[in-house]
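Participant: structure for the following, please:
(one chain, ligands or ions: 2)
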Amino acid sequence: MKEPIIKFEDFSFQYDAQAEPTLKHINLEIYPGEKLLIAGPSGCGKSTLTHCMNGLIPFAYSGESTGTLTIRGRETKTQSIFEISKTIGTVLQDLDGQFIGLTVAEDIAFALENACVNQTDMKKEVLETARKVEIADHLEHSPDALSGGQKQRVSMAGVMVNQVEILLFDEPLANLDPATGKRAIEIIDQIQKKQAPL
Ligand code: ADP
Ligand code: MG
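Facilitator: Ligands and ions are numbered 1, 2, ... in the order given. Okay, here's the model as predicted:
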């Protein structure tokens with residue numbers, strides 16, 4: 001029997017600034033290889049739920065949580081955001097705010113530079129990851145010069161290069177036109193099929 005990679009058990013969370021909990025008694029198990037869509041009206045707590053998983057809560061937004069949330073069997077609140085980022089990669093809705101490099105290649109390489117990976121391995125890994133999200137033809141371009149869909153793929157590559165086991169998208173279609181959104185879904189599908197454990 002496989003263990004869930006993410007497990008919420010009677011998990012509740014209340015922002016310090018709020019009078020009521022935003023997340024109430026969440027019980028949810030997500031298994032390796034699964035692709036899960038969380039849907040609901042604006043303000044229902046989707047982003048809050050993702051922030052609990054990627055460590056932005058409590059690192060950037062303070063509040064009180066009860067119950068447990070474990071990733072790979074470890075409580076998230078006992079881990080640093082840096083540790084969590086090695087397991088879970090987040091692609092945010094605001095794509096422009098996430099670019100650091102002057103070129104697409106530099107941007108994808110950022111996590112590897114921080115990990116002091118040597119130049120030869122870095123080039124190879126950047127190219128491999130860029131191919132997975134079909135952005136390898138744009139490695140020398142500036143991220144600013146890309147379309148919304150291309151920016152999203154660079155952002156995906158930037159977290160995938162870390163060999164993360166979990167990819168998290170917050171409103172992945174919000175800034176894309178319908179055709180580009182459809183393509184984004186196809187690429188997410190492809191990644192899931194190719195990378196998911198059997
Ligand atoms: P969704 O992503 O589903 O639109 P959110 O998770 O962003 O919903 O918001 C859920 C609720 O939490 C909203 O009522 C919102 O006002 C509140 N909330 C979100 N972020 C914060 C914050 N940083 N501080 C206090 N309350 C917040
Ligand atoms: Mg949201």
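Participant: please count neighbours and contacts with C-alpha atoms only from this point.
Facilitator: OK.
Participant: near ligand 1, which residues of this structure?
Facilitator: Taking Cα under 6 Å from any ligand atom as the criterion, the chain approaches ligand 1 at residues 15, 17-18, 22, 42-48, 61.
Participant: and these, which of them are buried?
Facilitator: 15, 22, 45-48 (16 or more other Cα atoms under 10 Å).
Participant: Val117 in helix, strand or coil?
Facilitator: Under the three-state scheme (DSSP: H, G, I helix; E, B strand; the rest coil), Val117 adopts coil.
Participant: roughly how far does it sit from Val159?
Facilitator: 15 Å (Cα to Cα, to the nearest Å).
Participant: now swap in Ser42 and tell me
Facilitator: 26 Å.
Participant: again, but for Thr103
Facilitator: For Thr103 relative to Val159 (Cα to Cα), the value is 16 Å.
Participant: neighbour-wise, which of those two wins?
Facilitator: Val159 (25 against 18; other Cα atoms under 10 Å).
Participant: residue contacts, the more buried one?
Facilitator: 89-91, 108, 111, 167 (Cα atoms under 8 Å, 6 or more residues apart in numbering).
Participant: now, the residues you listed that are in strands?
Facilitator: Judged by DSSP state E, the contacts of Val159 include 89-91, 167 as members of strands.
Participant: quick check: the farthest pair among those?
Facilitator: Maximum pairwise distance among those (Cα to Cα): 7.6 Å, between Val91 and Leu167.
Participant: of these two, who's got more company?
Facilitator: Of the pair Val91 and Leu167, Val91 is the one with more neighbours under other Cα under 10 Å, namely 21 against 18.
Participant: contacts only, for the more buried one.
Facilitator: Contacts of Val91 by Cα under 8 Å, 6+ apart are 152, 155-156, 159, 167-170, 172.
Participant: what is the nearest of these to ligand 1?
Facilitator: Asp170 (7.8 Å; Cα to the nearest ligand atom).
Participant: the residue positioned nearest the centre of the chain - nearest residue in space that isn't next to it in sequence?
Facilitator: Central residue of the chain (Cα atoms, centre = their mean): Thr90, 1.8 Å from the mean position. Excluding the flanking residues, the one nearest Thr90 by Cα to Cα, 6 or more residues apart in numbering is Leu168, at 4.6 Å.
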